[in-house]
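Colleague: only the shape, not the letters, is given here:
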């Protein structure tokens, strides 16, 4: 009986096939995962974070008489700024004012860009004549 148990113990403990050699990914799983996270962070997360911060600072810095363009392409001059709302004067002749969410502001045109835009528009109007 003892001989049979010893024989069974020997047969179960002996390896049946040689184990394959560990590959590169088996040897370095943690550095590989850290490297992949670093690549995703620097290529995707960090640029989005920088862009979001830049946009938030732009929206917090808008003030009355800034010339802006909305996401829908409407250009106007800010006449009032409230917590989450901005009122734009979009037509000088009819004194048309539209209230937008602050999030609808795409870009603030500086005074020089606004002048350049109106200058380009007047140049284009001259070219049509």
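Modeller: In hand now; what should we look at? Everything quoted here is computed from the prediction, not taken from an experiment.

Colleague: CA only for contacts and neighbour counts going forward, please
Modeller: Fine.

Colleague: nearest residue to the middle of the chain?
Modeller: residue 48 (2.9 Å; Cα atoms, centre = their mean).

Colleague: any stretches of this protein with poor pLDDT?
Modeller: Low-confidence segments of the chain, defined by pLDDT under 70: 1-2, 4-16, 24-25, 111-129.

Colleague: let's see it at 50
Modeller: 112-129 (pLDDT under 50).

Colleague: tell me the SS of the residue nearest to the centre of the chain?
Modeller: helix (DSSP: H, G, I helix; E, B strand; the rest coil).

Colleague: now the strands for the chain?
Modeller: Secondary structure of the chain (DSSP state E): strands located at 67-70, 75-81, 85-91, 96-101, 105-109.

Colleague: so for residue 33, which of these sits nearest?
Modeller: Residue 33 lies closest, by Cα to Cα, to one member of those: strand 105-109, at 37.2 Å.

Colleague: so how far is that closest one off the chain centroid?
Modeller: Relative to its parent chain, strand 105-109 has a centroid offset of 17 Å by Cα atoms, centre = their mean, to the nearest Å.

Colleague: likewise for stretch 74-88?
Modeller: The answer for stretch 74-88 is 24 Å, by Cα atoms, centre = their mean.

Colleague: same deal with stretch 61-69?
Modeller: 23 Å.

Colleague: over to stretch 98-111?
Modeller: That offset, for stretch 98-111, works out to 19 Å (Cα atoms, centre = their mean).

Colleague: in it, which residues are buried?
Modeller: Buried residues in stretch 98-111, counted by 16 or more other Cα atoms under 10 Å: 102, 104-109.

Colleague: and of those residues, the nearest to residue 44?
Modeller: Using Cα to Cα, the buried residues of stretch 98-111 come closest to residue 44 at residue 106, 21.5 Å.

Colleague: now that closest one: how far from residue 50?
Modeller: 16 Å (Cα to Cα, to the nearest Å).
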